[in-house]
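J.: pasting the structure only:
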Ligand SMILES: Nc1ncnc2c1ncn2[C@@H]1O[C@H](COP(=O)(O)OP(=O)(O)OP(=O)(O)O)[C@@H](O)[C@H]1O
């Protein structure tokens with residue numbers, strides 16, 4: 001998951017629109033256009049000599065992204081086109097910039113040596129680098145996975161698959177559109193693939209924000225996908241992976257492998273398996289919740305996500321795993337308990353935690369290093385890093401095995417120091433090896449006899465010739481003999497005429513000069529060949545030996561992937577222990593009950609952000625099934641309502657990922673779904689259809705809640721009109737309360753004090769407020785949650801605090817009093833207002849007095865106080881929960897009222913969704929309006 005807010009999240013435009021039938025003036029350009037046509041969606045880097053060139057629209061894009069000069073090719077001719085290029089050796093610098101900007105880049109290389117080519121050099125696409133398929137360290141972020149995702153929309157369900165080619169992790173899932181939305185949000189893929197015909201459906205459900213690429217329909221055939229997968233895994237079926245029932249999921253996964261082949265990624269042996277993301281195994285966090293709780297990404301620039309506070313991992317494997325744990329909290333108490341117990345044990349043993357962290361620090365990105373081995377893109381320095389990481393494994397294994405902690409001992413069993421590979425790398429690769437393998441100096445001396453010889457020839461050629469000269473001088477007794485070189489004969493021995501009779505018969509005379517003769521020998525000829533080709537041969541041989549070493553390393557891919565997994569887990573647990581110690585977290589009790597009881601809970605992020613000298617005010621929260629299922633929290637803006645809601649969800653989430661929590665104590669009856677809705681105005685600004693989609697999703701999720709679900713509603717209705725907002729909020733709370741299938745625990749924050757009326761008819765709804773004190777017309781925020789509702793809103797006070805001109809504040813006060821007065825009058829004299837329509841009949845009893853200040857979870861709290869003050873009576877038109885009362889309100893002879901009565905009588909409140917409720921309300925209003 002990318003944490004960088006700068007990550008590319010925009011659709012990829014179709015590049016290289018070369019306009020109508022480009023004029024190709026030369027064979028080179030013809031070759032270019034032919035390749036371009038085969039890859040119309042990609043930006044082509046076309047190798048010409050020592051440069052990578054781009055043409056046409058590609059050149060314009062490239063020059064903009066790389067900030068390089070845009071010129072023209074064939075200026076003034078019909079074949080004129082834009083041109084931008086850079087030297088081939090800068091590819092590593094420029095390529096990541098293009099990919100990070102969301103481009104799909106096709107690298108077109110020269111496929112033969114230009115010196116040897118007859119005519120036009122053969123060229124072809126050697127790699128297609130896209131945002132979702134990259135090994136480049138400059139594209140990848142150490143602490144996040146870089147997922148490629150494919151989606152296949154089936155008739156009923158949809159399938160989704162994620163692959164991080166840099167680690168080999170391959171996942172698949174299947175479910176409804178909302179589930180897919182959640183996974184997309186959680187995994188934040190760098191690139192999403194879907195079928196061309198599904199573009200509209202994708203955008204309707206998930207928005208246009210993902211960097212995406214549409215593929216032809218035939219790629220999404222189930223049989224083709226199944227075949228592709230079984231061929232890749234070399235299995236006859238997919239049963240072994242537990243995914244054989246996932247028809248749509250398999251189709252999506254097959255599409256991913258197809259795309260790898262299309263982008264020329266064929267060496268992908270490190271993708272050794274495919275895992276199923278089991279919906280049932282993890283807490284359901286819908287996409288709004290992940291975003292709203294700011295788990296891995298901040299919602300606004302400058303915001304701090306939970307992961308930034310929580311992440312004290314020291315390896316990239318740990319950091320990446322933690323990001324997954326945070327969005328996939330567990331539901332199985334025993335599994336959670338195992339993590340908690342391990343963290344506890346680590347926390348008890350300072351020395352163990354310290355030593356473990358030291359060992360972990362030595363282990364760099366083992367997972368990505370071994371993936372590079374598998375795809376044969378590992379450079380010598382990376383192999384050295386791999387061997388150094390393996391060095392740390394042995395002592396770490398011993399430490400974990402002797403720790404006496406079961407989970408850590410289990411990790412120890414998983415660790416394999418891969419000694420053969422480690423030793424082999426150390427023996428072969430020079431400690432100061434260069435990055436590239438094609439320029440020599442990669443391998444140690446003594447690794448290979450021929451290599452040593454070639455080196456001595458190539459690097460000490462003169463010495464060698466001198467040796468021959470001296471030896472032959474001695475053998476022949478010709479002290480003036482010398483070895484020399486010319487282009488025609490190569491190396492030769494020159495002997496003056498005076499000594500030519502001493503020349504051995506095996507020498508071959510090659511040239512006669514006035515004063516001397518020139519000879520060659522077998523030895524010189526062999527040497528000459530060697531020295532002339534030594535360098536070339538040297539590089540080839542080094543490459544060959546290096547490749548053999550990489551091949552050997554490939555045998556260790558499974559073991560090292562296993563090491564990486566065990567290290568990731570250990571690192572996460574050690575990180576939990578470190579965070580718990582540093583920030584004073586406690587071990588939660590996670591059990592099978594349905595009670596949520598947090599004592600003196602704190603918000604893990606806000607408490608770290610407060611200015612020096614200020615401390616976070618902790619609060620108790622208790623929710624259960626029998627007495628306090630739904631808590632309505634009122635209070636002015638800025639009082640701390642949202643903080644309270646979020647901290648409750650975050651504490652639950654931390655506990656269920658196995659972390660300690662920021663509280664004095666916490667008992668958490670395991671939660672199965674956390675569901676959040678925030679009435680932010682931007683929800684509506686996206687347009688009616690998005691709002692409808694959200695509401696439909698909300699309705700469907702509300703219908704699927706259980707006794708173990710946690711619902712957070714924050715200022716629902718803020719983004720829409722008061723009446724709409726309250727209606728929706730009201731209907732939702734009622735649904736949650738009256739739903740016979742599930743008593744989902746709910747926190748409901750609002751500054752509409754009118755909602756306190758809900759407690760009147762819903763016995764398990766309790767009113768609380770975040771205490772504020774008013775002094776001299778000003779507000780003092782106490783940040784303490786106390787029993788009872790609020791009597792009025794405080795928006796105007798907040799406006800004053802925000803520095804609003806006094807005149808405006810005074811005028812606002814005036815208008816508010818006027819409106820309040822008017823509403824009271826209207827409701828008493830002229831029948832219901834629009835607002836009262838909404839609240840109609842839901843409350844018909846007179847208001848009670850304000851509640852006293854009682855701690856939220858106090859068992860001794862007076863029932864009425866906890867329910868809070870009752871509101872002003874609202875004129876009842878129709879009482880949904882109390883039919884007997886409502887019917888007496890109608891004149892039986894009035895046909896419109898009869899119609900309303902009929903409608904109400906046929907309503908099954910228990911099965912009514914919030915949306916249906918709204919539609920019914922509308923119907924009722926229309927029925928009355930017709931009279
Ligand atoms: N318990 C607390 N202790 C200390 N500071 C707090 C506490 N709760 C909230 N705050 C501070 O108050 C600010 C406002 O809190 P929050 O956003 O929760 O208010 P709110 O009641 O939801 O307001 P609004 O209705 O405007 O959204 C937070 O950003 C935080 O800095």
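T.: Right, received. Where do you want to start? Computed from a prediction, not measured in an experiment: that's the story for all the values here.
J.: what's the domain layout of this protein?
T.: 27-129, 148-275, 312-418+557-583, 449-550, 591-876, 878-931 (automatic domain parsing).
J.: where does residue 227 land in three-state SS?
T.: Recorded secondary structure, residue 227: helix (DSSP: H, G, I helix; E, B strand; the rest coil).
J.: repeat for residue 767
T.: strand.
J.: who does it form a beta bridge with?
T.: On the basis of DSSP bridges, residue 767 is bridged to residue 632.
J.: so, low pLDDT: which residues of the protein?
T.: Scanning the chain for pLDDT under 70 picks out the ranges 1-24, 462, 679-701, 716-725, 777-778, 791-803, 819-820, 822-894, 909-914, 929-931.
J.: residue numbers of it in contact with the ligand?
T.: 606, 616-617, 635, 637-643, 715, 751, 783 (C-beta under 6 Å from any ligand atom). (C-beta placed from N, C-alpha, C; glycine too.)
J.: just the buried ones from those?
T.: Listed as buried from those are 606, 616-617, 635, 637-643, 715, 751, 783; burial here means 16 or more other C-beta atoms under 10 Å.
J.: please, where are all the strands along the stretch 201-350 of the chain?
T.: Per DSSP state E, counting those that start in this stretch, the stretch 201-350 of the chain carries strands over the ranges 212-215, 275-276, 284-285.
J.: just those strands: most buried one?
T.: Ranked by mean neighbour count, those are led by strand 284-285 with a mean of 24 (mean count of other C-beta atoms under 10 Å).
J.: and that one, how far from the chain's centre?
T.: In terms of C-alpha atoms, centre = their mean, to the nearest Å, the centre of strand 284-285 is set 16 Å apart from its chain centre.
J.: mind checking the strands of the stretch 201-350 of the chain for the one nearest to residue 264?
T.: strand 212-215 (15.2 Å; C-beta to C-beta).
J.: partner strands of that closest one, parallel or antiparallel?
T.: Here, using DSSP bridges, strand 212-215 pairs with strand 191-195 (parallel).
J.: in helices, which of the buried ones among the residues of the chain next to the ligand appear?
T.: 606, 641-643 (DSSP state H).
J.: could you pull up the residues touching the closest residue to the ligand within the stretch 651-800 of the chain?
T.: Per C-beta to the nearest ligand atom, residue 783 is where the stretch 651-800 of the chain lies closest to the ligand, at 3.9 Å. Counting by C-beta atoms under 8 Å, 6 or more residues apart in numbering, residue 783 makes contact with 617, 619, 639-640, 770-771.
J.: quick revisit: of the domains of the chain, which approaches residue 299 most closely?
T.: Between residue 299 and the domains of the chain, the shortest gap by C-beta to C-beta is with domain 591-876, which sits at 9.2 Å.
J.: max-length helix in the chain?
T.: Max-length helix for the chain by DSSP H is helix 522-554.
J.: chain center to it: distance?
T.: Distance, centroid of helix 522-554 to centroid of chain: 45 Å (C-alpha atoms, centre = their mean).
J.: among the domains of the chain, which comes closest to residue 284?
T.: Residue 284 lies closest, by C-beta to C-beta, to one member of the domains of the chain: domain 591-876, at 3.9 Å.
J.: surely residue 159 is in a strand?
T.: Yes. Looking at residue 159 with three-state DSSP, it is inside a strand.
J.: pairing partners for it in the sheet, please.
T.: The partner residues for residue 159, given DSSP bridges, come to residue 152, residue 174.
J.: you'd agree it is up against residue 252?
T.: Yes. Using C-beta atoms under 8 Å, residue 159 is in contact with residue 252, at 4.1 Å.
J.: how near is the residue in the stretch 301-450 of the chain positioned nearest to the ligand to residue 713?
T.: Nearest residue of the stretch 301-450 of the chain to the ligand, counting by C-beta to the nearest ligand atom: residue 303, 10.8 Å away. Distance of residue 303 to residue 713, computed by C-beta to C-beta, to the nearest Å: 21 Å.
J.: neighbour count: those two, which is higher?
T.: Neighbours were tallied for residue 303 and for residue 713 using other C-beta atoms under 10 Å; the higher tally belongs to residue 713 (27 against 13).
J.: who does the more buried one bridge with?
T.: residue 677, residue 748.
J.: and which of the ones in helices among the buried ones among the residues of the chain next to the ligand is nearest residue 761?
T.: The closest of those, once distances to residue 761 are taken by C-beta to C-beta, is residue 641, at 22.8 Å.
J.: so which elements touch the longest helix of the chain?
T.: Contacting helix 522-554 under the criterion 3 or more C-beta pairs under 8 Å, 6 or more residues apart in numbering; DSSP states H and E are the following elements: helix 366-374, helix 380-401, helix 419-428, helix 449-459, helix 461-476, strand 490-496.
J.: point out the most buried one among these.
T.: helix 366-374 (a mean of 25).
J.: and that helix with helix 419-428, angle?
T.: Calculated by axes from the mean of the first three to the mean of the last three C-alpha atoms, to 10 degrees, helix 366-374 forms an angle of 70 degrees with helix 419-428.
J.: how distant is helix 366-374 from the center of its chain?
T.: Worked out by C-alpha atoms, centre = their mean, helix 366-374 lies 20 Å from the chain centre.
J.: and that helix, what other elements does it pack with?
T.: Right, helix 366-374 is packed against helix 316-327, helix 380-401, helix 522-554, helix 557-583 by 3+ C-beta pairs under 8 Å, 6+ apart.
J.: most tightly surrounded among the ones you listed?
T.: Among these, helix 316-327 has the highest mean neighbour count (mean count of other C-beta under 10 Å), at a mean of 25.
J.: identify all contacting residues around that helix.
T.: 1, 3, 142-145, 167, 186-187, 285, 290, 295-296, 306-307, 310-311, 313, 360, 363-368, 564-565, 567-572, 574-575, 653, 657-658.
J.: can you list the buried residues in stretch 111-125?
T.: Buried residues in stretch 111-125, counting neighbours by 16+ other C-beta under 10 Å, are found at 121, 123, 125.
J.: re earlier: looking at the contacts of residue 783, which are in strands?
T.: Among the contacts of residue 783, the ones falling in strands (DSSP state E) are 619, 770-771.
J.: which non-adjacent residue is nearest residue 210?
T.: Spatial nearest neighbour of residue 210, chain neighbours left out: residue 192 (4.5 Å); criterion: C-beta to C-beta, 6 or more residues apart in numbering.
J.: what about that neighbour, how many neighbours?
T.: Residue 192 has 24 neighbouring residues, counting by other C-beta under 10 Å.
J.: buried stuff in stretch 188-206?
T.: Neighbour-count burial for stretch 188-206 [16+ other C-beta under 10 Å]: 188-195, 198, 202, 205-206.
J.: how far is it from where the chain is centred?
T.: Taking the mean of its C-alpha atoms, stretch 188-206 sits 17 Å from the chain's own mean (C-alpha atoms, centre = their mean).
J.: next one: stretch 238-251
T.: Using C-alpha atoms, centre = their mean, the offset of stretch 238-251 from its chain centre is 23 Å.
J.: can you check stretch 517-535 too?
T.: Between the centre of stretch 517-535 and the centre of its chain there are 61 Å (C-alpha atoms, centre = their mean).
J.: quick one: contacts of it?
T.: Outside stretch 517-535, the residues that touch it by C-beta under 8 Å, 6+ apart are 440, 453-454, 457-458, 461, 464-465, 468, 483, 489-495, 497, 500, 503, 506-512, 537.
J.: how does it look with 7 Å?
T.: Stretch 517-535 has contacts (C-beta atoms under 7 Å, 6 or more residues apart in numbering) with 454, 457-458, 461, 468, 489-495, 500, 503, 506-511.
J.: in a markdown table: the helices and strands packed on helix 522-554, plus distance to residue 334.
T.: Formatted as a markdown table, these follow (distance: least, C-beta to C-beta, whole Å):
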| stretch | distance to residue 334 |
| --- | --- |
| helix 366-374 | 28 |
| helix 380-401 | 22 |
| helix 419-428 | 36 |
| helix 449-459 | 57 |
| helix 461-476 | 71 |
| strand 490-496 | 79 |
